[in-house]
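Asks: Fold the following, please.
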Amino acid sequence: MNIQKVAVIGGGTAGWLAANHLGKALLSKNVSITLVESPDIPTIGVGEGTIPTIRKTLQSFGISETEFIKRCDVTFKQSIKFQNWLDKRLHGPTNFYHHLFDPPSPMGDDLSALWLQTPMQEYSKLVSSQHAVCEANLAPKLITTPEYQAIQGYAYHLNAAKFALLLADNAQQKFGVTHIKANVVDTKLHLDGSIDALILDTCGEQKFDFYIDCSGFESILLAKALKVPFVDKSQQLFVNKAVVVQVPTESDAIIPPYTKATAHQAGWIWDIALSSRRGVGLVYSNAHLEDEQAQQKLNRYLQGRLDQYSYRTIPMNVGYRKQFWAKNCVALGLAQGFLEPIEATSIMLTDFAAGYLANRFPTSTEQMAALSERFNQTMTYAWERVVEFAKMHYCLSDRTDSDFWIENRDPQTIPEGLQNKLALWNEYVPMSEDLFSKFEVFNVENYLYVLYGMKYATKTPQIGELSLTEGKKHADRIQQRANLLCQQLPSHRDLLQKIHQFGLQKV
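Replies: All right, here's what the predicted structure looks like:
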């Protein structure tokens, strides 16, 4: 049977990303796409950070970067600045490192060996000019830099609710996606267990050939209707709650061009600056911190002003579905699973999975068995790599001020794949060949920034005198470029104001 009618259940970022990816891929194939969105269920709306791959996605949808920046309160993100993830007594009360979006050693030579011989150096400062740009709160480009192009690598911070609205408009106007406001009150199954129809409160029974579950944590199709079990990861990743708040800022306040990630006794705090407000969330393990203590910690971080704002506590079920594609249904976004907000993995995995599905979408039901097997293998691999990368931030910490940090170093809580990588990297500097698949979510550059930002003790390699001299020259050139960029690039807020006034050049 040919697949001609597709339903996306749920709006928000996940649903509308899926609608755009599928709409673009299926536009010329006589396939209709209908997005069913509940008028009663608000989106979670805390996923305000992205990674650089989102630029390619938005450009492929035909969305103007200028319009995106204007409509979605967008600011630029060039890094995640990790603060106090190491022991304050050993590394100082304000220890930090940047996980930058420009690759380290952009001129070719890997400077990791040089860094290991100069242990007082900050890795990101030595190997990339972007460190200095971030610390100076500068933009990653000029007003004359065309849309989606960059001088320094960047992603975005954004207003998630407004982002969903922009994606919704684009999907309907460019790709002909139909939008229905309705609640799914029931699901009918075929005898073979696949989904036959949805029962909607406003328009009764609606039949489709294929279903995309973007219904968030509820996962009303994959989890509830199709009974796909959950793979729990809470024994590896401990944080399972967040207290979130939006804090207004002054119109002339400095806008950091990075996400702040500040560690605390039982987790960490994200701090994301938009043009007129900050999105702040304290992430924690409720096995190590009471809810009231978490609120007190967030209040101290906000200098005693938490009660001035509306805040809420969000529980997080840590893990993912055993299958992401079952029968004629694929889950995306929070319906697939959730680990934690570190490294902005939620939007990243949603975008990756939606794009992968669109490129391998079945034209008939006969194709689904083979395609679903491949999709499930790929996405399971991707989720497991995210578990490993997230865990690495915790298990490398030398903090001893709480059981949370001590227990995170327990080998029984560290995935075997990560243990094997760390054992290898204890002897050798990481290289791209250490990562086996094209479906790696994080590249060797990402591992280098975190490993050496966390002072990982790779055995110092032997460097010949000539290589050492050349490496130092390379590092000097990076410093010279950093000085030049700090003179040429505008402040972050200045560039955003110019974009709102004049717009960026079209490519």
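
Asks: quick one: buried residues of stretch 223-236?
Replies: 223, 225, 226, 228, 231, 233, 236 (16 or more other Cβ atoms under 10 Å). In short, each C-beta sits where N, CA and C put it, glycine included.

Asks: May I see the residues you listed arranged in TSV, with secondary structure, distance to residue 311 and pLDDT as well?
Replies: What follows is these, written out as TSV (DSSP: H, G, I helix; E, B strand; the rest coil; distance: Cβ to Cβ, whole Å; pLDDT from 0 to 100):
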residue	secondary structure	distance to residue 311	pLDDT
223	helix	28	97
225	helix	34	97
226	coil	35	98
228	coil	33	98
231	strand	30	98
233	coil	26	97
236	coil	28	98
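
Asks: For the residues you listed, give me CSV that also has distance to residue 33.
Replies: Output for the buried residues of stretch 223-236, formatted as CSV (distance: Cβ to Cβ, whole Å):
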residue, distance to residue 33
223, 23
225, 20
226, 21
228, 23
231, 29
233, 32
236, 36
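
Asks: Which pair of those spans the longest distance?
Replies: 225 and 236 (28.6 Å; Cβ to Cβ).

Asks: need the contact list for residue 460.
Replies: Residue 460 is in contact with 113, 116, 117, counting by Cβ atoms under 8 Å, 6 or more residues apart in numbering.

Asks: Just the buried ones from those, in PyMOL syntax?
Replies: Command for PyMOL that selects the buried part of the contacts of residue 460, burial taken from 16+ other Cβ under 10 Å:
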select buried, resi 113+116
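
Asks: Same list (the contacts of residue 460) but as CSV, adding pLDDT and distance to residue 480.
Replies: Output for the contacts of residue 460, formatted as CSV (pLDDT from 0 to 100; distance: Cβ to Cβ, whole Å):
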residue, pLDDT, distance to residue 480
113, 84, 21
116, 87, 23
117, 82, 21
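
Asks: Identify, from the contacts of residue 460, the entry nearest to residue 175.
Replies: Using Cβ to Cβ, these come closest to residue 175 at residue 113, 49.1 Å.

Asks: Just confirm the closest one contacts residue 429, I think it does.
Replies: Yes - between residue 113 and residue 429 a contact is recorded at 6.1 Å, counting by Cβ atoms under 8 Å.

Asks: Mind listing the shared neighbours of the two?
Replies: Any residue near both residue 113 and residue 429 by Cβ under 8 Å, 6+ apart counts here, and that gives residue 461.

Asks: Format the contacts of residue 460 as JSON lines; extra columns: distance to residue 207.
Replies: Output for the contacts of residue 460, formatted as JSON lines (distance: Cβ to Cβ, whole Å):
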{"residue": "113", "distance to residue 207": "62"}
{"residue": "116", "distance to residue 207": "62"}
{"residue": "117", "distance to residue 207": "66"}
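
Asks: okay if I get the contacts of residue 460 as JSON lines plus distance to residue 438 and secondary structure?
Replies: Output for the contacts of residue 460, formatted as JSON lines (distance: Cβ to Cβ, whole Å; DSSP: H, G, I helix; E, B strand; the rest coil):
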{"residue": "113", "distance to residue 438": "27", "secondary structure": "helix"}
{"residue": "116", "distance to residue 438": "29", "secondary structure": "helix"}
{"residue": "117", "distance to residue 438": "33", "secondary structure": "coil"}
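
Asks: Just give me the closest of the contacts of residue 460 to residue 315.
Replies: For the contacts of residue 460, the minimum distance to residue 315 (Cβ to Cβ) is 41.4 Å, reached by residue 116.

Asks: re earlier: return the closest of the buried residues of stretch 223-236 with respect to residue 263.
Replies: Checking those one by one against residue 263 (Cβ to Cβ), the nearest turns out to be residue 236, at 17.7 Å.

Asks: quick one: contacts for that closest one?
Replies: 387, 391, 413, 414, 415.

Asks: how about 6 Å then?
Replies: Neighbouring residues of residue 236 by Cβ atoms under 6 Å, 6 or more residues apart in numbering: 391, 413, 415.

Asks: for the stretch 1-150 of the chain, which spans come out with low pLDDT?
Replies: Applying pLDDT under 70 to the stretch 1-150 of the chain flags residues 42-47, 106-108, 119-121.

Asks: and with 90 instead?
Replies: For the stretch 1-150 of the chain, applying pLDDT under 90 flags the ranges 1, 28, 30, 39-48, 93, 104-126.

Asks: all strands of it, in order?
Replies: Here the stretch 1-150 of the chain has its strands, by DSSP state E, counting those that start in this stretch, at 5-9, 32-37, 75-77, 79-83, 96-100.

Asks: Contacts for the fourth one, please.
Replies: Read that as strand 79-83. 96, 97, 98, 99, 100, 134, 258, 259, 260, 261, 262.

Asks: Among those, which one has the most neighbours?
Replies: Neighbour counts for these (other Cβ atoms under 10 Å) peak at residue 258, which has 30 neighbours.

Asks: hmm, back to that, quick one: which two of the contacts of strand 79-83 are the most distant?
Replies: Using Cβ to Cβ, the pair of the contacts of strand 79-83 lying farthest apart is 100 and 262, separated by 17.7 Å.

Asks: can you redo the strands of the stretch 1-150 of the chain as TSV with distance to residue 174?
Replies: As requested, the strands of the stretch 1-150 of the chain are exported to TSV (distance: least, Cβ to Cβ, whole Å):
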stretch	distance to residue 174
strand 5-9	16
strand 32-37	12
strand 75-77	25
strand 79-83	32
strand 96-100	34
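
Asks: Compare the ones you listed and report which one is nearest to residue 361.
Replies: Closest among the strands of the stretch 1-150 of the chain, using Cβ to Cβ: strand 5-9, at 8.4 Å.

Asks: Next, the buried residues of that closest one.
Replies: Buried residues in strand 5-9 (16+ other Cβ under 10 Å): 6, 7, 8, 9.

Asks: residues in contact with the third one?
Replies: Residue 8 makes contact with 15, 18, 19, 35, 212, 214, according to Cβ under 6 Å, 6+ apart.

Asks: Much appreciated, bye for now.
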